[in-house]
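Peer 1: only geometry, no sequence info:
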């Protein structure tokens, strides 16, 4: 019996180590991507809640990026694994399901009440409460800047859905979509988006100057 | 009354089947203790029943008490957390999304009395039944049934071995009632965020 226990303890510890390495590696990777925005002239600030946000949302942002005339307040949301899916139930709650929930056996069953049965669903869920974001005091001075709240999914889930504001339907959300006034990104897409927006601003400014010179 | 009946019968069934849980957990705790003795020999010591009978018996009683506490909680957890009636009530009252405080504010007013009732009445009933002894002139099959039913009282015997007859039952009732608090917490936590399409059938 002790041999079996020893084996079980080893397996559980090994799985835990793999899981921790996976999440930390992903988070570090996305932070490095964020820091790569410095090449485009961005000011990136990281907060100490960067890794803690795997467990819970904080009031303050995990990272802030000031690029061009925009300030992005980023909060990380752990997508757990590539199979999981994220569902924004309302402005306050977001759930991360460990896998998609298809209970085909229940749906086919003619047994009374079988469709309401949750016994066959092996998906585990974690509900996060999203507190209202507090803008850091240092950014109150930047009044001409456009401040956007960003939720960065990391690790990236399979799918993101959200309940619409009218509470009538559930829609899928893709990178850059607005969900309850927040924008959803993965680290890759956020970097390209922020860079593109900055270039766009520069282009528009250049065009304005051009037209004013002409006039 | 229906919720009282459901809660009572659920806890009764799980409590009676608790002797199985008790033996399984007992097997595991003893194996765990052996491992701990092997890894930390300075902290945990294994007693020899031949050379040091007294401390061996004391040690086995304490291990039995730990097993009884664990299995009692396991039984309470099964009875409270995997309960469809509670699940449907909570989901019906909320939209399935709440903070733990909000969930407990819905859950507790309905189930606190039910839980206390089941947690106190079921162990009290079975322990009073176990105190009854067959009269001297009774036929042999009565004694046989009592012998067969004795392993069912594994949890209770572990308590009475350490705290005595009255004290053991008192501790059993108290712990049975107190274990409802973490069970309620885990129930509220488990029901939160379930996929709502499951309840539409």
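Peer 2: Nice, thanks for sending it over. Computed from a prediction, not measured in an experiment: that's the story for all the values here.
Peer 1: Grab the most central residue of chain B for me.
Peer 2: residue B:72 (1.7 Å; Cα atoms, centre = their mean).
Peer 1: who's in contact with that one?
Peer 2: Residue B:72 makes contact with B:18, B:155, B:172, B:175, B:176, B:179 under the criterion Cβ atoms under 8 Å, 6 or more residues apart in numbering or on different chains. Heads up, the C-betas are built off the backbone N, CA and C, glycines and all.
Peer 1: same thing but at 7 Å, please
Peer 2: Listed by Cβ atoms under 7 Å, 6 or more residues apart in numbering or on different chains, the contact set of residue B:72 reads B:155, B:175, B:176, B:179.
Peer 1: Do stretch A:64-82 and chain B come into contact?
Peer 2: No: Stretch A:64-82 lies out of reach of chain B by Cβ under 7 Å from any Cβ of the partner chain, never closer than 13.3 Å.
Peer 1: Which of the contacts of residue B:72 fall in helices?
Peer 2: B:155, B:175, B:176 (DSSP state H).
Peer 1: Can I get those residues in a markdown table including distance to residue A:9?
Peer 2: What follows is the ones in helices among the contacts of residue B:72, written out as a markdown table (distance: Cβ to Cβ, whole Å):
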| residue | distance to residue A:9 |
| --- | --- |
| B:155 | 26 |
| B:175 | 28 |
| B:176 | 30 |
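Peer 1: name the helices or strands packed onto the longest helix seen in chain B?
Peer 2: Counting by DSSP H, the longest helix found in chain B is helix B:100-131. Judged by 3 or more Cβ pairs under 7 Å, 6 or more residues apart in numbering or on different chains; DSSP states H and E, helix B:100-131 is in contact with helix B:2-16, helix B:84-93, helix B:165-178, helix B:180-191.
Peer 1: For the residue nearest the centre of chain A, list the residues it contacts.
Peer 2: Computing the C-alpha centroid of chain A and ranking residues by Cα atoms, centre = their mean puts residue A:153 first, at 2.5 Å. Contacts for residue A:153 (Cβ under 7 Å, 6+ apart) come out as A:77, A:79, A:86, A:160, A:184, A:186.
Peer 1: That one - nearest residue in space that isn't next to it in sequence?
Peer 2: Excluding the flanking residues, the one nearest residue A:153 by Cβ to Cβ, 6 or more residues apart in numbering or on different chains is residue A:79, at 4.8 Å.
Peer 1: Residue B:76 now?
Peer 2: residue B:179 (4.4 Å).
Peer 1: which residues touch residue B:25?
Peer 2: B:67, B:70, B:71.
Peer 1: circling back: let me have the contacts of residue A:153 in JSON lines, extended by neighbour count and pLDDT.
Peer 2: Output for these, formatted as JSON lines (neighbours: other Cβ atoms under 10 Å in any protein chain shown; pLDDT from 0 to 100):
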{"residue": "A:77", "neighbour count": "23", "pLDDT": "92"}
{"residue": "A:79", "neighbour count": "23", "pLDDT": "88"}
{"residue": "A:86", "neighbour count": "24", "pLDDT": "92"}
{"residue": "A:160", "neighbour count": "24", "pLDDT": "93"}
{"residue": "A:184", "neighbour count": "22", "pLDDT": "95"}
{"residue": "A:186", "neighbour count": "19", "pLDDT": "93"}
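Peer 1: if you look at those residues, which of them are in strands?
Peer 2: A:77, A:86, A:160, A:184 (DSSP state E).
Peer 1: can you pull the contacts of the third one?
Peer 2: When you say that, I think you mean residue A:160. Taking Cβ under 7 Å, 6+ apart, one finds A:86, A:153, A:172, A:173, A:184 in contact with residue A:160.
Peer 1: ok, back up a step: most packed of the helices and strands packed on helix B:100-131?
Peer 2: helix B:180-191 (a mean of 19; mean count of other Cβ atoms under 10 Å in any protein chain shown).
Peer 1: Is any residue of that helix near chain A?
Peer 2: No: remark: helix B:180-191 sits outside contact range of chain A, by Cβ under 7 Å from any Cβ, the gap being at least 8.5 Å.
Peer 1: returning to what we had before: could you identify the helix or strand that succeeds the longest helix of chain B?
Peer 2: As assigned by DSSP states H and E, the chain's next helix or strand after helix B:100-131 is helix B:140-149.
Peer 1: and that next one, how far out from the chain's middle?
Peer 2: 25 Å (Cα atoms, centre = their mean, to the nearest Å).
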